[in-house]
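>>> Structure here, sequence nowhere to be found:
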């Protein structure tokens, strides 16, 4: 097991903090610390191969005051055990869903528990880099934006496939047409939003369409989305890539639903 920077911290314990829907949400908490500037939300589902490196990448990054909320979304491959047995420092909190409920639900759990002024999303699959978080936070700090998206520049070494890139471009075009906007990458998993704004978006999508719903809700409120380039490396299906063409259909439906509502 990777030894996290910053020492072991106080002994952790599991507590039942609330009931989310009909499921008990369990929290591994090493103790209460003062409110940080940034909450990093890390949804994880069956990420045994990468979860320790993902957490360590955050601990190794040069970041301002932050907390890391890892939400295990009912993993069955050993991810849950790795997180439960990890000796994480006090600013790493682990939250657990008793069963898989989707990335959208994992994000909502993290946002409800967030104590930072800003909440940024960083998946546990190592496709994005923790080192890019300061670039996402800077426009929020300066008052230039309330929501920032990390835009991916797809290249031959970073794109999953031709149709994967075309699909991403297609749903971005659809969003721009529906909302009369110009955003280059609505499905990026690297976002940073004022926490109170994030909480107020009335999100309900459970799966990957949560990314489109976040975009749609922001645009519907007239929130101008700031984009900054980030480094991205898509993993292969063999490495655990979960997004499918059906998710693209759900994204279009979500964009239209939010527009109508």
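That came in fine, so what should we check first? Every value quoted in this text rests on a predicted model; they were computed, and no experiment measured them. Numbers count the residues shown, from 1 in each chain.

>>> Show me what the nearest residue to residue 195 once chain neighbours are set aside bridges to in the sheet.
For residue 195, ignoring the flanking residues on the chain, the nearest one in space by Cβ to Cβ, 6 or more residues apart in numbering is residue 119 at 4.6 Å. Glycine gets a C-beta too; all of them are placed from N, C-alpha and C. Bridge pairing for residue 119 (DSSP bridges) gives the partners residue 39, residue 193.

>>> Correct me if wrong: residue 119 contacts residue 197.
No - counting by Cβ atoms under 8 Å, residue 197 is not a contact partner of residue 119; they are 9.1 Å apart.

>>> what about those two, which has more around it?
Per other Cβ atoms under 10 Å, whichever of residue 119 and residue 197 has more neighbours is residue 119, with 26 against 17.

>>> per-residue pLDDT, that one?
Note for residue 119: predicted pLDDT of 98.

>>> quick one, what contacts it?
38-41, 110-111, 192-195, 198 (Cβ atoms under 8 Å, 6 or more residues apart in numbering).

>>> Next, format those as a markdown table and append distance to residue 135.
Formatted as a markdown table, the contacts of residue 119 follow (distance: Cβ to Cβ, whole Å):
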| residue | distance to residue 135 |
| --- | --- |
| 38 | 13 |
| 39 | 17 |
| 40 | 14 |
| 41 | 17 |
| 110 | 21 |
| 111 | 21 |
| 192 | 9 |
| 193 | 15 |
| 194 | 17 |
| 195 | 19 |
| 198 | 19 |
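
>>> Redo these as JSON lines? Include pLDDT.
Formatted as JSON lines, those follow (pLDDT from 0 to 100):
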{"residue": "38", "pLDDT": "98"}
{"residue": "39", "pLDDT": "98"}
{"residue": "40", "pLDDT": "98"}
{"residue": "41", "pLDDT": "98"}
{"residue": "110", "pLDDT": "97"}
{"residue": "111", "pLDDT": "97"}
{"residue": "192", "pLDDT": "98"}
{"residue": "193", "pLDDT": "98"}
{"residue": "194", "pLDDT": "98"}
{"residue": "195", "pLDDT": "98"}
{"residue": "198", "pLDDT": "98"}
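
>>> ranking those by neighbours, who comes first?
residue 192 (31 neighbours).

>>> measure that residue to residue 226 for me?
Using Cβ to Cβ, to the nearest Å, residue 192 is found at 9 Å from residue 226.

>>> anything in contact with each of these two?
147-148.

>>> give me the low-pLDDT residue ranges for the stretch 1-150 of the chain?
1-33 (pLDDT under 70).

>>> Could you pull out the strands in it for me?
Residue ranges of the strands in the stretch 1-150 of the chain, as given by DSSP state E, counting those that start in this stretch, are 13-20, 23-29, 38-44, 66-73, 92-97, 118-121, 147-152.
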